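A.B. asks: predicted structure and sequence below. I'll ask about it afterward.
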Amino acid sequence: MGFIPRMSLLECLRFQTGLLALLGFIPGERKNRATSLLGFCLATCILLGNWFCGVLQCAGFYYLFTINELAEGNTGHKVNPLIKAFTWTPFIFICGRAAIVLTIFFIKRPKWQRIVEMTDGLMNSFYGGDHDRNLVEFQKWKRLSKSLLIVSLFSHVGWEVLEWRNFMIGTGKADLWAKDALSPLPWDIALWEYLIIWTLCSTVPYLLSQVVFSVIILFGRFLSSCLCKIVTSIEVLEKALIENVVLGDFKRSHAVADELTRLHRLHFQVAEFGHFLSDTYGLILFVIYGLDVMTILGFVATVIVGTVKSIIGRIMLGYSILAFGMYATLFLFPLVQVHEQGHRINSALYSLTVTASHIMQTVQGYSLRIVSQAFLTATKDRVLGFHGAGIIHITRGFLAATFTLILSFAVVTNEFVDKATKTGCEMAGGVAAVHEETPFALRDLIANVTHHPDV
């Protein structure tokens with residue numbers, strides 16, 4: 001993995017990168033062909049098992065949606081097929097999220113070394129000076145790394161426990177030795193066997209996808225810290241420029257211009273790493289966000305349809321919405337900060353350019369204005385920010401729109417269910433009224449004809 005300096009971002013990700021290297025998803029530290037081959041085999045087995053589990057979920061969905069009758073909601077009437085499909089898809093999305101994320105990350109494996117080199121370069125440029133002063137920021141990264149890992153792992157393990165408990169209560173399959181774990185699918189497998197398969201082929205890969213997610217998030221936090229340092233330096237330069245002009249010292253504008261040129265080079269270095277990181281893992285971000293949102297919509301539809309009656313089932317649904325909603329919104333805020341810090345740099349440079357234009361009319365002032373204007377143009381052309389495969393751009397407004405999407409889906413789904421309820425009640429009432437108005441002799445005749453063996 002290359003040389004790791006004393007204060008390295010990878011030190012904060014020691015557990016995540018060590019686990020991913022052990023399982024073969026990134027190159028290991030030692031150039032051992034046997035170890036690399038073993039890791040490659042482990043990663044391949046995990047991916048194949050995860051895809052198998054996803055196919056199994058798709059088979060169950062196909063059976064329930066096309067062969068078996070659509071389950072009915074709390075009204076006793078059939079629900080819109082599209083809404084009903086949403087209630088069965090969350091587990092497909094959960095398996096698919098892990099499988100797709102790990103597959104893409106595994107395919108991008110050769111680019112990891114380049115990411116390590118660029119990270120070390122930025123660390124030396126921004127944090128290669130006063131070690132004690134930068135140690136506070138380093139400790140923040142460590143805390144963020146541990147917090148993300150602990151929260152994501154424990155939240156998903158808690159969801160798995162609730163989901164299995166709800167599965168046993170809802171289906172009545174509490175016997176671990178009964179060969180009906182996947183009924184009505186034509187596969188005789190005991191519940192304890194299916195529990196092991198699900199844990200190894202779905203739970204473990206999903207947790208690994210969360211590890212990958214936490215690595216990308218910490219890279220985003222690192223980028224926002226570098227951009228924040230550039231913003232602070234530009235603001236300090238502007239204050240120094242004003243003080244020099246007030247004191248009548250115009251000669252120091254050359255030093256200000258030189259420092260601004262250095263910051264321009266640093267910003268280019270940060271932008272290069274940010275764009276490379278976003279281009280490399282942008283598709284992973286799109287898959288994580290998209291499938292997490294689809295999972296939330298599926299659980300919201302299940303709540304509204306009302307197919308889950310038990311208390312533990314309702315607790316599981318509420319917990320599911322909160323947990324996956326956290327993955328799709330709160331976890332992305334460090335990436336949102338990259339976009340916001342990029343705009344802060346634009347604002348700070350614009351302020352510096354205006355200040356230089358108004359108070360510096362000398363040759364030195366003209367040189368400073370040229371440098372600041374070039375820097376400002378470059379930041380406008382290369383606005384930093386994470387995107388999902390060029391389709392979504394992770395900003396604060398985008399995350400707010402996610403809440404709007406979920407609420408709108410809940411309202412529309414509720415309207416469909418209410419309409420189906422009213423229609424079903426009206427039809428049931430009409431049939432009852434006709435039955436009461438039918439003469440007894442005619443009613444008996446219809447009953448005899450209906451039950452006649454020749455009919």
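C.D. replies: Happy to help now that I have it. Numbers count the residues shown, from 1 in each chain.

A.B. asks: let's see the pLDDT reported for Phe250.
C.D. replies: On pLDDT, Phe250 comes in at 54.

A.B. asks: same question, Lys111
C.D. replies: As predicted, Lys111 sits at a pLDDT of 93.

A.B. asks: distance of it relative to Phe276?
C.D. replies: Between Lys111 and Phe276 the computed distance is 8 Å (CB to CB, to the nearest Å). Heads up, the C-betas are built off the backbone N, CA and C, glycines and all.

A.B. asks: same check, this time on Ile321
C.D. replies: 35 Å.

A.B. asks: looking at the two, which one has more neighbours?
C.D. replies: Of the pair Ile321 and Phe276, Ile321 is the one with more neighbours under other CB atoms under 10 Å, namely 20 against 14.

A.B. asks: show me where the stretch 101-250 of the chain has its strands.
C.D. replies: Taking DSSP state E, counting those that start in this stretch, the stretch 101-250 of the chain contains no strands at all.

A.B. asks: which stretches of it form helices?
C.D. replies: 112-127, 131-171, 191-198, 204-247 (DSSP state H, counting those that start in this stretch).

A.B. asks: Ala43 and Ala21 touch, don't they?
C.D. replies: No - assessed by CB atoms under 8 Å, Ala43 is found out of contact with Ala21, at 10.4 Å.

A.B. asks: between those two, who's got more neighbours?
C.D. replies: Legend: neighbour count by other CB under 10 Å for Ala43 and Ala21, higher for Ala43 (22 against 19).

A.B. asks: the more buried one and Pro110, how far apart?
C.D. replies: Taking CB to CB as the measure, Ala43 falls 14 Å from Pro110.

A.B. asks: do you know which of the helices of the stretch 101-250 of the chain lies nearest Leu352?
C.D. replies: Nearest to Leu352 among the helices of the stretch 101-250 of the chain is helix 204-247; the distance by CB to CB comes to 4.7 Å.

A.B. asks: the inter-axis angle of the closest one versus helix 191-198?
C.D. replies: Relative orientation of helix 204-247 versus helix 191-198 (axes from the mean of the first three to the mean of the last three CA atoms, to 10 degrees): 30 degrees.

A.B. asks: and helix 204-247, what does it pack against?
C.D. replies: helix 9-12, helix 14-22, helix 33-62, helix 90-107, helix 112-127, helix 131-171, helix 253-305, helix 333-359 (3 or more CB pairs under 8 Å, 6 or more residues apart in numbering; DSSP states H and E).

A.B. asks: any chance of those in a markdown table with distance to Thr395 as columns?
C.D. replies: Output for the helices and strands packed on helix 204-247, formatted as a markdown table (distance: least, CB to CB, whole Å):
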| stretch | distance to Thr395 |
| --- | --- |
| helix 9-12 | 24 |
| helix 14-22 | 26 |
| helix 33-62 | 31 |
| helix 90-107 | 22 |
| helix 112-127 | 23 |
| helix 131-171 | 20 |
| helix 253-305 | 12 |
| helix 333-359 | 5 |
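
A.B. asks: hey, which of the ones you listed is tucked in deepest?
C.D. replies: helix 90-107 (a mean of 22; mean count of other CB atoms under 10 Å).

A.B. asks: distance from the chain centre to it, please.
C.D. replies: Mean C-alpha position of helix 90-107 versus that of the full chain (CA atoms, centre = their mean, to the nearest Å) differs by 11 Å.

A.B. asks: list the contacts of that helix.
C.D. replies: 24-25, 43, 46-47, 50-51, 53-54, 57-58, 61, 202, 205-206, 208-209, 212-213, 281, 283-284, 287-288, 291-292, 294-295, 298-299, 302, 320 (CB atoms under 8 Å, 6 or more residues apart in numbering).

A.B. asks: go with 6 Å
C.D. replies: 25, 43, 47, 50-51, 53-54, 57-58, 61, 202, 205-206, 208-209, 212, 283-284, 287, 291, 294-295, 298-299 (CB atoms under 6 Å, 6 or more residues apart in numbering).

A.B. asks: where in the stretch 1-150 of the chain is pLDDT low?
C.D. replies: Low-confidence segments of the stretch 1-150 of the chain, defined by pLDDT under 70: 1-7, 29-34, 64-79, 129-133.

A.B. asks: could you redo the last one with a cut-off of 90?
C.D. replies: 1-19, 21-24, 26-41, 52-89, 91-92, 120-149 (pLDDT under 90).

A.B. asks: among the helices and strands packed on helix 204-247, which is nearest Lys84?
C.D. replies: Nearest to Lys84, of all the helices and strands packed on helix 204-247, is helix 253-305, at 7.1 Å by CB to CB.

A.B. asks: downstream of that closest one, the next helix or strand is which one?
C.D. replies: Following helix 253-305 in sequence order, the next helix or strand is helix 311-328 (DSSP states H and E).

A.B. asks: distance from the chain centre to stretch 387-400, please.
C.D. replies: On CA atoms, centre = their mean, the centre of stretch 387-400 falls 11 Å from that of its chain.

A.B. asks: now that stretch: buried residues?
C.D. replies: Using 16 or more other CB atoms under 10 Å as the test for burial, stretch 387-400 gives His387, Gly388, Ile392, Ile394, Thr395, Phe398, Leu399.

A.B. asks: likewise stretch 369-384?
C.D. replies: Arg369, Val371, Ser372, Gln373, Phe375, Leu376, Thr379, Leu384.

A.B. asks: show me which of the residues you listed is closest to Met118.
C.D. replies: Leu384 (14.1 Å).

A.B. asks: OK, contacts around that closest one?
C.D. replies: By CB under 6 Å, 6+ apart, the residues touching Leu384 are Ala271, Gly274, Val338, Gly342.

A.B. asks: go ahead and list the helix or strand containing it.
C.D. replies: Going by DSSP H and E, Leu384 is not in any helix or strand.

A.B. asks: next, it: phi, psi?
C.D. replies: Here is the backbone geometry of Leu384 (degrees, to the nearest 10): phi -80, psi 150.

A.B. asks: equivalent analysis for the one 4 residues further on, please.
C.D. replies: Backbone torsions for Gly388, taken as degrees, to the nearest 10, come to phi -100, psi 90.

A.B. asks: if I look at it, what pLDDT would I see?
C.D. replies: In the prediction, the pLDDT value recorded for Gly388 is 87.
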